[in-house]
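A.B. asks: below is the structure, and that's it, no one-letter string:
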């Protein structure tokens, strides 16, 4: 295989949702790594696996809901460790939980989560993950049957197991996230996490004591009834991946389905909400 890569640089509007969808689509092709940029993302594919028509069937590029421009260039020898290190900052929550990559030093945190990031994580990911970790640190999850929906790198599922939750299902629609979650669960010696590739359609007939969903407003609203149907009596639902101005829409959806609001965390206009059944 050649060490020469083709780098695509995308500017995306709206950025957060557009980037998420675009990465999911490119991940189905030969693109193997992504980094967040100020205006969107950069995506990398080995030149041996590339041709000029590679983006022809990427649906979001033809969507009227997004404005996407891009350019591409040929680059030599990508040092992925260097790229990841440049783009991934560890997450520290109240000194109790530390999420880090192998190139970050270990701390004395009560919960030390080691992940191997294969793509960069934007500000939104950090803010929402931080708040979801805050919620989990406050909850006694011992023996709780748990769902991590839109698990990404499985950070939240891993923390739930470290705190005694079991069994745990971790689900993501993105193949890269599915594979990376399996790797990260193994990396943290987790024995009670089952990882699945798919969406909320996998939840039919399932029941959980704790559901964690860090996705985005549109998907949360679309799948909210499914989450509620899966929640055991007195179960807990943790939601994030949306902004302060989205709270009325999320709250209305939850309360009309019988959930009770408990509390929220806010960080830089990102929000995480807790509800109980």
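C.D. replies: The structure has been received and is ready for your questions. Everything quoted here is computed from the prediction, not taken from an experiment.

A.B. asks: can you give me the helices in the stretch 1-150 of the chain?
C.D. replies: 15-27, 80-87, 123-138 (DSSP state H, counting those that start in this stretch).

A.B. asks: would you list the ones you listed in TSV and tack on distance to residue 94 and mean neighbour count?
C.D. replies: Using the backbone N, CA and C atoms, a C-beta is placed for each residue, glycine as well. As requested, the helices of the stretch 1-150 of the chain are arranged in TSV below (distance: least, CB to CB, whole Å; neighbours: other CB atoms under 10 Å):
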stretch	distance to residue 94	mean neighbour count
helix 15-27	26	20
helix 80-87	24	15
helix 123-138	7	21
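
A.B. asks: in TSV: those, plus mean pLDDT.
C.D. replies: Compiled in TSV, the helices of the stretch 1-150 of the chain are given as follows (pLDDT from 0 to 100):
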stretch	mean pLDDT
helix 15-27	89
helix 80-87	63
helix 123-138	86
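
A.B. asks: would you format those helices as JSON lines with distance to residue 55 included?
C.D. replies: Compiled in JSON lines, the helices of the stretch 1-150 of the chain are given as follows (distance: least, CB to CB, whole Å):
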{"stretch": "helix 15-27", "distance to residue 55": "8"}
{"stretch": "helix 80-87", "distance to residue 55": "21"}
{"stretch": "helix 123-138", "distance to residue 55": "24"}
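
A.B. asks: residue 161: which of the ones you listed is closest?
C.D. replies: The stretch from those with the least distance to residue 161 (CB to CB) is helix 123-138; that distance is 10.8 Å.

A.B. asks: what does the closest one rub up against?
C.D. replies: Outside helix 123-138, the residues that touch it by CB atoms under 8 Å, 6 or more residues apart in numbering are 16, 89, 91, 93-94, 96-97, 99, 111, 121, 152, 155-156, 159-160, 163, 212, 214, 238, 240-241, 265-268, 270-272, 274.

A.B. asks: buried ones among those residues?
C.D. replies: 16, 91, 93, 97, 99, 111, 121, 152, 155-156, 159-160, 163, 212, 214, 238, 240-241, 265, 267, 270-272, 274 (16 or more other CB atoms under 10 Å).

A.B. asks: that older thread, can you list which of the contacts of helix 123-138 are found in strands?
C.D. replies: Counting by DSSP state E, the members of the contacts of helix 123-138 that fall within strands are 91, 93, 97, 99, 111, 212, 214, 238, 240-241, 265-267, 270-272, 274.

A.B. asks: so where's this structure uncertain?
C.D. replies: In the predicted model, the chain carries pLDDT under 70 at residues 1-3, 77-87, 117-125.

A.B. asks: what helices and strands are in contact with the helix or strand harbouring residue 184?
C.D. replies: Under the assignment given by DSSP states H and E, the secondary-structure element containing residue 184 is helix 175-187. Under the contact criterion of 3 or more CB pairs under 8 Å, 6 or more residues apart in numbering; DSSP states H and E, the helices and strands touching helix 175-187 comprise helix 155-162, strand 168-172, strand 193-197.

A.B. asks: right, I'll leave it there.
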